[in-house]
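Enquirer: Need a 3D model of the following:
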Amino acid sequence: MNRIDLHMHSTASDGVLTPTEVVHLAQERGLTTIALTDHDTTTGWGEALAAGRELGVEVLGGFEINSETDLGHIDFLVYGADAKNAALQDFLLTIRDARVGRARGMVRKLAELGMPIAWERVLHFAGDAQSIARPHVARALVEAGYVASTQEAFDKYLNDQGPAYVHRLEVKPQEVIDTIHQAGGVIVLSSPEHSKTTHLTPTLAEMGLDGIEVYYFDHTDKKKAELLELARQYDLIVTGGSDFHGDKTHAELGSVYVPPEVLIQLKERITTRQA
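Expert: Below you'll find the predicted structure:
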């Protein structure tokens, strides 16, 4: 039985459940340790940690962050960073501010494609989220009747090659890695098969990458074996999780098996980074 899930999102970014609801669901599904990894924010940590204490679920504070340069789009997961680190919070705020302009750009492109949606509806779906993301635009498209599902919205318009896609703020991977390390955090390459970034592992390892997400919902056994070999070769820890959002575009919470030793290695690396 799986007990660990180290990759999930709440309403603090682009998930549909609040941090408290995510922890309740984790407890219902028999998970003993989870990591809340919302995009570009630590806002949900306090609520999730409080729920975890009440329900007996260990909650690790994490977040997902991106780099976009000539190397391409890279997704990272971060664990154990100091949420009170001013430089880290300034960095995350800059990225979140850029996300607003990016989402507005998508709305403009959709209007040009004959699918106008109101910016106010995107904000409605974002709710109290600190980070506006593509799923919020996708949900507005569904509401307007242009697509039948958020998955269709991504498949036809919002994916990285889609006609309504807008690039993220350009942030170099070395800057991301250094900022995370300065805040005492561990940084992991997220969903390398899904993001087509496996080939960047050697380059990122030289920059200080700590780990690689091996256990992910669309990683085959063959892919997991390849990633485990890369981790061994470059002295990287491995992590894993469902990437749960609650909107059926990703896997269900707790559905991806994560071996217990993964959590042990992650905690050891966090301790080393914070020493």
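Enquirer: What are the buried residues along the host helix or strand of Glu120?
Expert: Element membership of Glu120, judged by DSSP states H and E, is helix 119-126. Neighbour-count burial for helix 119-126, counted by 16 or more other C-beta atoms under 10 Å, picks out 121-122, 125-126. (Glycine included, C-beta is placed from N, CA and C.)
Enquirer: From the residues you listed, pick the one nearest Val107.
Expert: Checking the buried residues of helix 119-126 against Val107 with C-beta to C-beta, the nearest one is Val122 at 6.5 Å.
Enquirer: Show me where the stretch 101-250 of the chain has its strands.
Expert: Secondary structure of the stretch 101-250 of the chain (DSSP state E, counting those that start in this stretch): strands located at 186-189, 211-215, 237-240.
Enquirer: which outside residues touch the second one?
Expert: Strand 211-215 is contacted from outside by 7, 77, 186-192, 201, 224, 227-228, 230-231, 236-241, 256-259, 262, 266, 269, using C-beta atoms under 8 Å, 6 or more residues apart in numbering.
Enquirer: let's see 6 Å
Expert: Here strand 211-215 makes contact (C-beta atoms under 6 Å, 6 or more residues apart in numbering) with 188-191, 224, 227-228, 231, 236-240, 256, 258.
Enquirer: Narrow those residues to those that are buried.
Expert: Among the contacts of strand 211-215, the ones that count as buried by 16+ other C-beta under 10 Å are 188-191, 224, 227, 231, 236-240, 256, 258.
Enquirer: Any chance of JSON lines for those residues, columns distance to Asp155 and pLDDT?
Expert: As requested, the buried ones among the contacts of strand 211-215 are exported to JSON lines (distance: C-beta to C-beta, whole Å; pLDDT from 0 to 100):
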{"residue": "Val188", "distance to Asp155": "27", "pLDDT": "98"}
{"residue": "Leu189", "distance to Asp155": "24", "pLDDT": "98"}
{"residue": "Ser190", "distance to Asp155": "21", "pLDDT": "98"}
{"residue": "Ser191", "distance to Asp155": "17", "pLDDT": "95"}
{"residue": "Lys224", "distance to Asp155": "25", "pLDDT": "97"}
{"residue": "Leu227", "distance to Asp155": "26", "pLDDT": "97"}
{"residue": "Ala231", "distance to Asp155": "31", "pLDDT": "98"}
{"residue": "Leu236", "distance to Asp155": "32", "pLDDT": "98"}
{"residue": "Ile237", "distance to Asp155": "33", "pLDDT": "98"}
{"residue": "Val238", "distance to Asp155": "30", "pLDDT": "98"}
{"residue": "Thr239", "distance to Asp155": "27", "pLDDT": "98"}
{"residue": "Gly240", "distance to Asp155": "25", "pLDDT": "98"}
{"residue": "Val256", "distance to Asp155": "22", "pLDDT": "98"}
{"residue": "Val258", "distance to Asp155": "28", "pLDDT": "98"}
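Enquirer: Including distance to Ile132, could these go into CSV?
Expert: Converted to CSV, the buried ones among the contacts of strand 211-215 look like this (distance: C-beta to C-beta, whole Å):
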residue, distance to Ile132
Val188, 24
Leu189, 24
Ser190, 19
Ser191, 21
Lys224, 33
Leu227, 31
Ala231, 33
Leu236, 31
Ile237, 31
Val238, 31
Thr239, 26
Gly240, 27
Val256, 27
Val258, 29
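Enquirer: Since that was my last question, I'll sign off now.
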